[in-house]
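K.L.:
Got a sequence here, can you model it:
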Amino acid sequence: MLLTKLHIPPANQNIVHRPQLYEKLDTGLSRKLILISAPAGFGKTTIVSDWINQRKIPAAWISLDKGDNDPVEFLNYIISGIQGIHNSFGASTLGLLNSPNRPSDKSIAGLLINEIRLPIIFID
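P.N.:
Reported below is the predicted structural model:
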């Protein structure tokens, strides 16, 4: 596991702060999911990392790439990222994930989804 994938990118001091976008993200906190989608280079990572820093929001950050297609590796990253802010998250699921008689990926994902209590932001 590359621990650097679990770190929020450092804030750039020269960015333009976007309070109207922060307000939209603030509103999204009352929902279970916020999806941000735009082409590469449009500032998705910048706006979300700045919003997290500005608002002092506890956040799990997971940077994924096409090499993270293995379900076990992917779920390990999800669990490890969230454990950074909630130590006990996914502890029982992690045991199942790494057991020789593990349940289906869909079952394990369902267990994790049921444990999540905070909103999730996906950046594509």
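K.L.:
C-alpha only now, for contacts and for neighbours.
P.N.:
Will do.
K.L.:
Quick check: which ranges of the protein have low pLDDT?
P.N.:
Residues of the chain meeting the criterion pLDDT under 70: 118-124.
K.L.:
can you give me the helices in it?
P.N.:
Taking DSSP state H as the test, the helices found in the chain are 19-28, 44-55, 71-83, 91-97, 105-115.
K.L.:
so how far is stretch 57-64 from its chain's centroid?
P.N.:
4 Å (C-alpha atoms, centre = their mean, to the nearest Å).
K.L.:
Could you number the chain from 26 rather than 1 from now on?
P.N.:
With 26 as the first residue, the last one maps to stretch 82-89.
K.L.:
So what touches it?
P.N.:
Stretch 82-89 is contacted from outside by K30, L31, H32, I33, I77, Y102, I103, G106, I107, Q108, G109, I110, using C-alpha atoms under 8 Å, 6 or more residues apart in numbering.
K.L.:
what residues are up against the first one?
P.N.:
Translated: K30. Contact analysis of K30 by C-alpha under 8 Å, 6+ apart lists W86, I87, S88, L89.
K.L.:
so can I have TSV of the contacts of stretch 82-89 showing distance to L119?
P.N.:
Below are the contacts of stretch 82-89 laid out as TSV (distance: C-alpha to C-alpha, whole Å):
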residue	distance to L119
K30	18
L31	17
H32	21
I33	23
I77	27
Y102	11
I103	10
G106	13
I107	12
Q108	11
G109	14
I110	16
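K.L.:
Kindly write the ChimeraX command that selects the buried subset of those.
P.N.:
ChimeraX command restricting these to the buried ones, with burial defined by 16 or more other C-alpha atoms under 10 Å:
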select :31,33,77,102,103,106,107,109
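K.L.:
State the pair within the contacts of stretch 82-89 that is farthest apart.
P.N.:
I77 and Y102 (19.7 Å; C-alpha to C-alpha).
K.L.:
just so I know, which of the helices of the chain lies nearest Q38?
P.N.:
helix 69-80 (9.8 Å).
K.L.:
Pull out the buried residues from the closest one.
P.N.:
K69, T70, T71, I72, V73, S74, D75, W76, I77.
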